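[1] My questions are about this predicted structure, shown below with the sequence.
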Amino acid sequence: MFAGGKVRLFHFLFEMLEDPTMAHCVSWVPAAAGVFRFSSTNKDQVAALWGQRKGNKRPMTYQKMSRALRNYARSGEIFKVKKKLTYQFSRETLMSLHKFQQGDLLRGRDFV
DNA sequence: ATGCAAGGGAAGTTAG
DNA sequence: TCTAACTTCCCTTGCA
């Protein structure tokens, strides 16, 4: 998913959330659309995978990844919810992620 | 108090 | 060269 092109952090997070084997690190919070929460014990595993995906020199950590997440609040992709380790995709972001997931990749189109 | 989690300014990196 | 999208650093604030 999201191959061929620069992967954005929110793409990666969505990908992790759609993967059941990653549930011990991040998972959707049932009862609220687009809300997800990191595991307090495994949050750095997701971060490390993100850092590897990007090919960063230094290992990625939750602290550094969350800094990027806070910038998303300013650009409107993801917002922080008042609960511990939980965030929420904006409706627009969630919509485009789902739309992309529903076949655009298979038709060879880039994520927009 | 004490340990996380959150917030954020600011310089640095990298791809396009 | 310039910008976007982080990345790295590191210090302050908030909360249980």
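    Good, I have the coordinates.
[2] distance of the residue nearest to A:L97 when sequence neighbours are not counted from A:K6?
    Spatial nearest neighbour of A:L97, chain neighbours left out: A:F14 (4.8 Å); criterion: CB to CB, 6 or more residues apart in numbering. (C-beta placed from N, C-alpha, C; glycine too.) Distance from A:F14 to A:K6, counting by CB to CB, to the nearest Å: 15 Å.
[3] Over to A:K83?
    On the measure of CB to CB, A:K83 and A:K6 end up 31 Å apart.
[4] who has more neighbours, A:F14 and A:K6?
    Of the pair A:F14 and A:K6, A:F14 is the one with more neighbours under other CB atoms under 10 Å, namely 24 against 9.
[5] Can you list phi and psi of A:S40 for me?
    The phi/psi pair for A:S40 (degrees, to the nearest 10) reads phi -60, psi -30.
[6] Report the contact partners of the residue most central in space within chain A.
    In chain A, the residue lying closest to the centroid (CA atoms, centre = their mean) is A:L13, at 1.8 Å. Contacts for A:L13 (CB atoms under 8 Å, 6 or more residues apart in numbering) come out as A:V26, A:F36, A:V46, A:I78.
[7] can the helix or strand A:Y87 falls within be found next to DNA strand C?
    Assigned by DSSP states H and E, A:Y87 falls within strand A:86-89. No: shown here: strand A:86-89 not in contact with DNA strand C (CB under 7 Å from any atom of the strand), separated by at least 12.7 Å.
[8] Pull out the buried residues from the worst-scoring helix or strand of chain A on mean pLDDT.
    Every helix and strand of chain A was ranked by mean pLDDT, DSSP states H and E. The lowest is helix A:91-99, at a mean of 93. By neighbour count on 16 or more other CB atoms under 10 Å, the buried set for helix A:91-99 is A:T93, A:L94, A:S96, A:L97.
[9] dump the residue contacts of the residue nearest to A:L97.
    Neighbouring residues of A:F14 by CB under 8 Å, 6+ apart: A:F89, A:L97, A:Q101.
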